[in-house]
Every structure is written in C-alpha cells, then in structure tokens.
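>>> Give me a 3D structure for the following:
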Amino acid sequence: MGTIAFLDFDGTLIRHDSGVICAIPSVRRGLVGPRIFAELVATYFLSKLGLRARTDAMRVGFRCYAGHTREALHGIVQALYDQHLRGFLSPAMMDQVRAHRSAGDRLVILTASANFVAGPIARDLGIDEVIGTVVGFHEERCTGLVEGEILDGTAKLAAAREVAARAGVALERCSFYSDHIADLPLLEAVGTPVAVGPNRALMRVARTRGYRILPHGGKLAP
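Next up, the predicted model:
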C-alpha cells in the first residue's frame with residue numbers, strides 16, 4: 001500500500017523562488033504594474049532582512065492577480081512555467097517524484113503560493129493534487145485578496161493532516177520535502193522529513209535532528 005509524499009513548491013520542486021524567477025516576465029506580461037512591482041521588491045527584501053514577515057511579501061504578490069479572470073491567470077501561469085520555470089526544475093526532486101510514483105504513493109503539492117500557480121508543474125509531473133493559498137474571485141475576476149490563511153507553517157500542517165485523514169494514512173507514514181524553516185511544523189509531524197537545498201536555518205535543524213538532506217543536484221543523504 002502506498003503512502004503520501006507532500007512536496008513544497010518554491011525552492012523545492014523548483015530550485016529558486018518562482019516569484020523572483022518570474023518577476024520581470026510578469027511585468028512584461030502586464031501581470032505586475034510598476035507601482036506594485038516596487039512595493040513587492042521592497043517588501044521582499046525587508047522580509048529577507050527580518051524586518052517584515054514573509055507573508056507580507058506574499059500578500060503584495062497576490063494583489064498582482066487582481067482584476068484578471070481565472071482563464072487569463074491560468075494562461076499566464078502556464079506560459080510563465082513553460083518559458084521560465086521549467087528550466088529550474090530540481091533534478092534531485094524529479095528523481096524523488098519518479099520514485100514515489102513507482103512506489104504507488106500519492107503526490108501532493110502544498111504551497112503558500114496561490115493554488116493555481118503550481119497547476120502547470122503538477123500537470124507536467126503527474127502530481128495528484130495541489131493545495132495552495134486560496135485567492136478570492138468576485139464576478140469571475142480575481143480580488144487579489146487571500147481567503148482564509150496563507151498556506152504556510154501550521155496552516156500547511158493542517159492541510160496535510162486533512163489530506164492524510166481523507167486517505168486513511170497516518171502522517172507518521174508520510175514524507176515531506178521542503179527547503180524552508182517555515183515548514184518545520186509539518187517536517188516535525190511526518191515520518192520522513194527531507195530538507196531539500198535547505199536554507200541555513202533548516203540546514204541547522206536538519207543536521208541536529210538527523211533529517212535527510214537532499215541537494216538539488218545531488219543524492220539523498222540518509
């Protein structure tokens with residue numbers, strides 16, 4: 001019987017932050033205007049310095065979608081994936097995805113990005129389910145506002161628990177791949193936590209606790 005492999009998106013399935021990779025292309029496509037682009041860049045760097053929460057930068061990013069229809073957004077994110085993100089797929093994670101699929105495991109992306117952003121990679125890799133932050137729509141157009149919580153930290157853990165309960169699988173039998181310390185609540189809850197190209201904070205925790213560490217271009221360390 002298979003189990004569940006939970007997969008982070010930014011920095012894990014792809015080797016970098018999708019927002020950074022697609023920042024300039026998004027401006028060129030009219031998804032991001034100059035004013036919000038400046039605000040997004042400023043908030044992003046302040047979050048890196050610890051002066052703003054990283055969810056603050058995410059909320060600014062979600063506002064970029066305001067006014068667009070679902071169809072338009074799906075077309076834009078597909079084009080961004082085809083032309084810019086696909087080249088950043090993690091070779092090591094592609095091996096893990098194939099191994100889990102061969103073992104009959106269910107593959108689920110959990111991402112703090114808007115739930116439609118990871119759609120193209122899920123279709124490309126044969127991922128079974130994508131769960132992300134829900135951004136609202138009104139009269140067929142995106143509001144750019146988050147409905148509920150950003151799927152980060154404990155919210156990601158709660159989502160994983162729901163998926164596991166629905167499948168009748170204990171989280172202790174599941175695995176989770178992530179690059180960021182913000183995902184520690186879920187990493188602590190699964191039976192097989194894997195730090196993928198981890199940031200410094202997660203690397204320290206992974207080494208201390210004996211988590212498996214997976215470099216993007218390397219092999220899984222026990």
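
>>> Residue 47 is in contact with residue 53, correct?
Yes: if you go by CB atoms under 8 Å, residue 53 and residue 47 touch, sitting 6.4 Å apart. Placement of C-beta: from N, CA and C, glycine included.

>>> Neighbour count for these two, which is higher?
Using other CB atoms under 10 Å as the criterion, residue 53 and residue 47 rank with residue 47 on top: 17 against 14.

>>> what sits against the more buried one?
Residue 47 is in contact with 53, 54, 56, 57, counting by CB atoms under 8 Å, 6 or more residues apart in numbering.

>>> what do you get for residue 153?
Going by CB under 8 Å, 6+ apart, residue 153 touches 182, 183, 184, 185.

>>> Tabulate these in JSON lines, adding columns for secondary structure, neighbour count and pLDDT.
Converted to JSON lines, the contacts of residue 153 look like this (DSSP: H, G, I helix; E, B strand; the rest coil; neighbours: other CB atoms under 10 Å; pLDDT from 0 to 100):
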{"residue": "182", "secondary structure": "helix", "neighbour count": "19", "pLDDT": "94"}
{"residue": "183", "secondary structure": "helix", "neighbour count": "26", "pLDDT": "97"}
{"residue": "184", "secondary structure": "helix", "neighbour count": "19", "pLDDT": "98"}
{"residue": "185", "secondary structure": "helix", "neighbour count": "15", "pLDDT": "98"}
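
>>> Could you single out the nearest of those to residue 4?
Of all the contacts of residue 153, residue 4 sits closest to residue 183, with 15.4 Å by CB to CB.

>>> is it true that the closest one touches residue 176?
Yes: counting by CB under 8 Å, residue 183 touches residue 176, with 7.3 Å between them.

>>> what do those two both touch?
Common neighbours of residue 183 and residue 176 (criterion: CB under 8 Å, 6+ apart): residue 8.

>>> quick one: the helices in this structure?
Taking DSSP state H as the criterion, the chain carries its helices at 18-21, 23-28, 34-48, 54-63, 70-80, 91-102, 119-125, 154-167, 184-189, 200-209.

>>> buried sites along the fifth one?
Taking 16 or more other CB atoms under 10 Å as the neighbour-count basis, helix 70-80 is seen to contain the buried residues 73, 76, 77, 80.

>>> Need those residues in CSV (columns: pLDDT and distance to residue 155).
Formatted as CSV, those follow (pLDDT from 0 to 100; distance: CB to CB, whole Å):
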residue, pLDDT, distance to residue 155
73, 94, 22
76, 93, 25
77, 94, 22
80, 94, 25
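
>>> Need the buried ones from the contacts of residue 47 selected in ChimeraX.
Buried members of the contacts of residue 47, defined by 16+ other CB under 10 Å, are picked up in ChimeraX with:
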select :54,57
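
>>> Return the closest of the contacts of residue 47 with respect to residue 172.
Closest approach to residue 172 among the contacts of residue 47 (CB to CB): residue 54, at 28.3 Å.

>>> and the closest one, what is it in contact with?
Neighbouring residues of residue 54 by CB under 8 Å, 6+ apart: 47, 152, 182.

>>> Show the contacting residues for residue 89.
So residue 89 contacts 13, 14, 15, 121 (CB under 8 Å, 6+ apart).

>>> got it, and residue 27?
For residue 27, the contact set (CB under 8 Å, 6+ apart) comprises 33, 34, 37.

>>> how about the nearest residue to residue 154, chain neighbours excluded?
residue 185 (5.1 Å; CB to CB, 6 or more residues apart in numbering).
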